[in-house]
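J.: any chance you can model this:
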Amino acid sequence: MNNPSRLASFVATLALVPITSAACAQPGQTDRIFESLSASEARYDRVVQSVYGTPKQRSASEELLFLKIQRAISGCMQSEGAKYAIPKFSGIARFSLTAPGDLTAFAPLGDDFGVANRLAQLAADGEPTNREFSSLTSKGRDEYLRALEGCQGSGQQFQGQSMPAGHEDLANKLINALSKVEQSAEVTAALANYPACLAERSVKAPDWSALYLSVEKSFPPTPNAPTDVTKDPQWLKAREYEQRAAAADTECRREAREIAIIAAAPTLARFENDNSAALNNIGFHWSEAEAEMVRMRQSLNTSD
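T.: Now for the predicted structure:
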């Protein structure tokens, strides 16, 4: 940032009163209360994790949805007299990053965006193979494909169930609350130089979402067959850009994010207080989804 003292100036204007609960603030004073940066970060992380789950829980929930759909397709194929082995879920690395609403002020900072590692894993896994289909004659393959086409909608009832009940409502409330903080004068001012700061480091993007998309688009298509892409010059060049973009993002946005995190403390205190029952409930469902995924994975005969 061009003004490294902005965070200190912002902090100095606020009353040094820690938040323990939104209910502790007197009417009209809540928005003038703030926590230390570390306490504000802890509150923010706690709320986001409650709503979106941990990376492990998000991955488990997505895998559970995948297995439910695949089990339905397998059952349908069996009724058609065809064998369909359920493939392994390949996508665990996709769920490490959480950026509610893709809000620039609150997006996480890091050495990378997780894109290179995710694509390398997907390439190493390759597309699932179907041994039953490969062993069939030309006529048998035609019949198999017709049956499979008719069974593709078997798991339709599970679509949209990768998140626990109540997630969408809580996520929308959280994004709306954080959006208002991002639009506040102090946060808007802190982010004003972000695109120019990126450009000075040879990275062009108007906001964090556009920056992330530019990283994704820099990678070559993922091969279908299992491949080690980590030696591919195109992949290496894209990974270098990802790391350079992440470094520029951190340099250009760290101070603004700290300002936003501190400014959001009273808002998040109210959010936790107003939605305590819903947050407890969704936390239970995240844990249940993780446990159910493990049980279903053990009960199914998955194959590469």
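J.: the stretch 51-200 of the chain: strands as residue ranges?
T.: All strands of the stretch 51-200 of the chain, identified by DSSP state E, counting those that start in this stretch, fall at 86-87.
J.: what segments of the protein are helices?
T.: 6-12, 37-52, 55-79, 115-125, 131-134, 138-151, 167-182, 185-191, 194-200, 208-217, 233-263, 265-274, 276-299 (DSSP state H).
J.: which of those has the lowest mean pLDDT?
T.: Ranked by mean pLDDT, those end with helix 6-12 at the bottom, a mean of 46.
J.: touching, T267 and V181? I think so.
T.: Yes: using Cβ atoms under 8 Å as the test, T267 is close enough to V181 to be in contact (5.7 Å). To be clear about C-beta, it is placed using only N, CA and C from the backbone, and glycine gets the same treatment.
J.: same list (the helices of the chain) but as CSV, adding mean neighbour count and distance to A105.
T.: CSV is the format used below for the helices of the chain (neighbours: other Cβ atoms under 10 Å; distance: least, Cβ to Cβ, whole Å):
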stretch, mean neighbour count, distance to A105
helix 6-12, 14, 13
helix 37-52, 18, 11
helix 55-79, 19, 21
helix 115-125, 19, 21
helix 131-134, 12, 49
helix 138-151, 13, 46
helix 167-182, 17, 4
helix 185-191, 18, 5
helix 194-200, 17, 9
helix 208-217, 17, 8
helix 233-263, 19, 4
helix 265-274, 20, 12
helix 276-299, 15, 22
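J.: nearest to K88, out of those?
T.: helix 115-125 (7.5 Å; Cβ to Cβ).
J.: list of residues touching the closest one?
T.: 88, 90-94, 212, 215-216, 219, 222-223, 226-230, 235, 238-239, 242 (Cβ atoms under 8 Å, 6 or more residues apart in numbering).
J.: 10 Å instead?
T.: If you take Cβ atoms under 10 Å, 6 or more residues apart in numbering as the criterion, helix 115-125 is touched by 87-97, 212, 215-230, 232, 235-236, 238-243, 245-246, 304.
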